[in-house]
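> Need coordinates for the below:
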Amino acid sequence: MAGIPLYFVDLQDDLDDFGFEDYGPDCDSMRITAFLDIPGQDNLTPLARLEKYAFSDNVFNRQIIARGLLDVFRDFSNNEEDFLTVMEIVVRLSEDAEPTVRTELMEQIPPIAIFLQESRPKFPTAFFEYLMPIVVRYLTDVNNQVRKAGQEALLILLEQDLVAQSDIENKVCPILLDLSAPDSDDEYKVEAVNIICKMASMLSRTTVEHMLLPRFCELCSDGKLFQVRKICAANFGDICNAVGQEATERLLIPKFFELCSDSVWGMRKACAECFMAVSYTTSPEVRRSKLSPLFISLISDTCRWVRQAAFQSLGPFISTFANPSSAGLYIREDGTLSIRPPAQDVNFNSCQPSNNITVMSSSANAALPSSEQPMEIKPESSTEEASAKVRTKLSEDLNKNSWQESSDCCASPGEDVSGLCQGDKTAAGASGGTKDSGFPGLSSGLPSAGDVFSTFLYWRSPLPDISQDLELLQFKAEKHNEACSVPCNNCVASSEIKKVLESLQEHIDDPDVQAQVQVLSAALRAAQFDSVGDCEAKKMEESGDNLQNKMILDETTVSGAACNQVQGDTLSSPASQDDISDQSSTSVLKSTGSEEQHRGTSVFLRKEQENNPSLEDDKSKLQDIIPQPLLDQYLSMTDPARAQTVDTEIAKHCAYSLPGVALTLGRQNWHCLKDTYETLASDVQWKVRRTLAFSIHELAVILGDQLTAADLVPIFNGFLKDLDEVRIGVLKHLYDFLKLLHADKRREYLYQLQEFVVTDNSRNWRFRYELAEQLILILELYNPNDVFDYLRHIALTLCSDKVSEVRWISFKLVVAILQKFYANSANGLGLNFINELVVRFRHCSKWVGRQAFAFICQAVVEEECMPVDQFVEHLLPSLLSLASDPVPNVRVLLAKALRQTLLEKAYFKSVGNPHLEAAEETILALQSDRDQDVSFFATIKLKQDSMDNITSEKQN
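The predicted structure is shown next:
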């Protein structure tokens, strides 16, 4: 404690009287209560002397006793009667009128409790009968410092699981509930709610839910003290995690909404900071339908500090939407990312072709999904629903029934579903259901396999059925009228947003107003896009009907040329091309109506993109994993205006959470983040680029080898030429990134590894140290020839570094290179490398090089990285010749290598070994060396052996 030295200065005379002549702040090893064992003039026993000083009129005496209670318990724990006497003294001491004495006593309660727990067989109930009541009583002490010490002691005891459940429910919780009552003192109430929030994670769920949760909900609505509400908001996530999902959604979520709309901005800021923890506890439905709009309101808050906290929590909140089945990855227990095996993907298996599929062309077979690129399973069954899905996805449930997912179409909206010739499509449409059915579901109403497949329908194009044409002509006008009579809700919403924007134009100079204008502008663009989606859906339907009429009436469309034309039209859709390049997954067979709807979509999108180029950019950012407004806000974090109105480091927060967002969206939605990632990679702030550099290897795992080679490798190459602060991020995970690349692409970086040796600041030796560590791992990625041609030069350069730490790790790199050669039977390369080591280090003019040679030889023997016969032939003679080196440091390392490593190997212990004699002669010469250190290390092993022999003889 900070005040202890003052006592030693002021009361040194008292210390001398009690035998504390040598006691001071620096003598920590001395037992504080050692004076109890010193016989004094009072001729009292240690226990009587303890009682005397514990109730002395001198405050310092009582403090010393309280501070040394743990030693007292250890001294008197052998006698039960004395132990109980000490315990009674502690109880009386806890009632001391001096607050400092009570504080000292309470600080010793946790270690005493741990000691009593270890001695539980002797004193099973001592803690619960004597000490626990003291802790509970101190929670209501009049002195603030004593209460703080009691609260800290209680939390430590709960963390160590030293408090019985009965004491928690009958003693601790009632006290806390009384202190946090509405009529309680304000100071006590703030402390009580703080300790309730902290201890919630240490108690059982039942105890928290039944005893503390109702009071916590009341405190969240406390209108008297905003400090109480702020503590509740700051710890809201911990309480949610303690009570579980059901209680969170039933009781806590309504309170969370109140706190998020509190008039004090500090409450809203605290809610934004704990948003991820709250979202993690809720179900996907609540997360999407309730928490997402609530978070959008925090992002558009009028207070800058609230918006800043919300944007910092945006990425973590988005990560709570992650689903391994859609992302294709999962996080292991050690925190690393791993690709999910295909066998664990139920949705993947459900997308395999079944008996209800009539025909699949070769192009469709070539596009079957691979295990390396897990595809996202979409519940929609036709492309006609693509635009409607954008408007309604915010309210949809993420966890739909798996049977429905397996029975619906596996292709995402806008995905290419070509691959059938016209005759096959007509057969599928005739046997699979109506023209509006997408992919036939696995329902009981499906025809059997025998009814679906027919050699007549397979080998011959069916005759045109003009009865369907009459139906289509009959309903065409009706559908057209329905399309025109749809109420334009989006137009109404757009007009309302425009009115609000016009009203804010007068205060546009205010940064807070500018932030609101940006949010409303994004909402306006989304509403306008929805209206475009309505028109798109209707036009798609009309185009599909017209094209199908033409297809049925024109029999020549069943030829192979018509099939190629349909496929070409479908592939010409930019949206389909984007989906194919991003997912590289299967094209699923659909019926005739759905096929023609895709063709109509392609024609419509081409016209729309010609008239409105921004529409293509907007559609490229669409997905259905997370609510679209959340993704739009995240993508806007790279906007320079955000740095002025929200946070100057908002781009850094965006970069920090980008791997989590990418994992949530999955590699099939990487196109949504690609532009943002490229913007961050070229940011002017080196801290932003550094953040990306440290996480690029994790992003490569998420995206897979194809997207990594296409999108991440160019950025990775740019980081290699960046500042050292950025390059170190790439260097620390260089092995992790290179191992994800193909062998030919990986080989290109052999030329660039040499650039890491050169740094902006030559004093930055840790950079070169990290390079050596990474090269040890990278060796396994290249063949021996590449290692010899490229990595060998880097290793030898690092071995000559000015900093010893870099040299020592580089010696291990040299040993690893030798092991690489001999493990791959490249003995010729190994011999050439050994000869170079002998020339460069053994015959080096500097003693540091010769010392390095001794260390390398010792490491080679320890690691057994080369055959013994090769070692004794090519390295041992040069090693033994160091015995005559003029520098003692070299001979010391030689003595260590021979005595501690070489002579301990079984090869040199065998009788009749021709090389053993030469090694022993060298050892004898070193034992008689004129330098004491050399002779010491040459004989230390022998002395140890002799000590072992003497010990064994005494035992015998």
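> Around Pro214, count how many other residues there are.
Using other Cβ atoms under 10 Å, Pro214 has 12 other residues around it. C-betas here are computed from N, CA, C, even on glycine.
> In three-state terms, label it for me.
Secondary structure of Pro214, reduced to three states by DSSP: H, G, I helix; E, B strand; the rest coil: helix.
> How about Lys802?
Taking three-state DSSP, the label given to Lys802 is coil.
> And Thr759, by the same measure?
Using three-state DSSP, the structure places Thr759 in coil.
> wait, isn't it in contact with Arg766?
No: Thr759 sits out of contact with Arg766 when judged by Cβ atoms under 8 Å, with a separation of 9.7 Å.
> of the two, who's got more company?
Taking other Cβ under 10 Å, Thr759 and Arg766 do not tie; Thr759 has more neighbours (17 against 13).
> So what does that one have for phi and psi?
Backbone torsions of Thr759, given as degrees, to the nearest 10, read phi -120, psi 160.
> Give me the neighbour count for Val264.
Val264 is flanked by 15 other residues according to other Cβ under 10 Å.
> any idea which element Gly315 lies in?
For Gly315, the host element (DSSP states H and E) is helix 304-319.
> hmm, who's touching that helix?
Residues outside helix 304-319 that contact it (Cβ atoms under 8 Å, 6 or more residues apart in numbering): 265, 268-269, 272-273, 275-276, 279, 291, 295, 298-301, 511-512, 515, 626, 630-631, 633-634, 637, 642, 645-647, 650, 653-654, 656-658, 660-661, 663-664.
> which ones among those are found in helices?
265, 268-269, 272-273, 275-276, 279, 295, 298-299, 511-512, 515, 630-631, 633-634, 642, 645, 650, 653-654, 656-658, 660-661, 663-664 (DSSP state H).
> Need the buried ones from those residues selected in ChimeraX.
The following ChimeraX line selects those of these that are buried, judged by 16 or more other Cβ atoms under 10 Å:
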select :268,269,272,273,275,276,279,295,298,299,515,630,631,633,634,642,645,650,653,654,656,657,658,660,661,663,664
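> nearest spatial neighbour of Arg137, skipping sequence neighbours?
Spatial nearest neighbour of Arg137, excluding adjacent residues (Cβ to Cβ, 6 or more residues apart in numbering): Ser94 at 7.6 Å.
> Is the one you found in contact with Thr103, as I believe?
No: when contacts are counted by Cβ under 8 Å, Ser94 is not listed as touching Thr103 (11.0 Å).
> For the chain, which segments count as strands?
329-331, 337-339 (DSSP state E).
> Now do the buried residues in stretch 738-755.
Neighbour counts over stretch 738-755 (16+ other Cβ under 10 Å) mark 738, 740-741, 746-747, 749-750, 753 as buried.
> which ones among these are found in helices?
738, 746-747.
> Closest one of those to Gln900?
Comparing those against Gln900 with Cβ to Cβ places Leu738 closest, at 36.1 Å.
> Can you give me the distance of the spatially closest residue to that closest one that is not a sequence neighbour to Leu771?
Nearest in space to Leu738, with sequence neighbours left out and distances taken as Cβ to Cβ, 6+ apart, is Arg746 at 5.2 Å. For Arg746, the distance to Leu771 equals 17 Å [Cβ to Cβ, to the nearest Å].
> Kindly report the same for Tyr188.
For Tyr188 relative to Leu771 (Cβ to Cβ), the value is 58 Å.
> Looking at the two, which one has more neighbours?
Legend: neighbour count by other Cβ under 10 Å for Tyr188 and Leu771, higher for Leu771 (26 against 17).
> For the residue lying closest to that one once chain neighbours are set aside, which residues are in contact?
In space, and not counting its chain neighbours, Leu771 is closest to Phe756: 4.8 Å by Cβ to Cβ, 6+ apart. Residues near Phe756 by Cβ under 8 Å, 6+ apart: 727, 731, 767-768, 771, 794.
> can you redo those as a markdown table with pLDDT and distance to Val872?
Output for these, formatted as a markdown table (pLDDT from 0 to 100; distance: Cβ to Cβ, whole Å):
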| residue | pLDDT | distance to Val872 |
| --- | --- | --- |
| Arg727 | 94 | 43 |
| Leu731 | 95 | 38 |
| Phe767 | 93 | 38 |
| Arg768 | 94 | 33 |
| Leu771 | 95 | 33 |
| Ile794 | 94 | 29 |
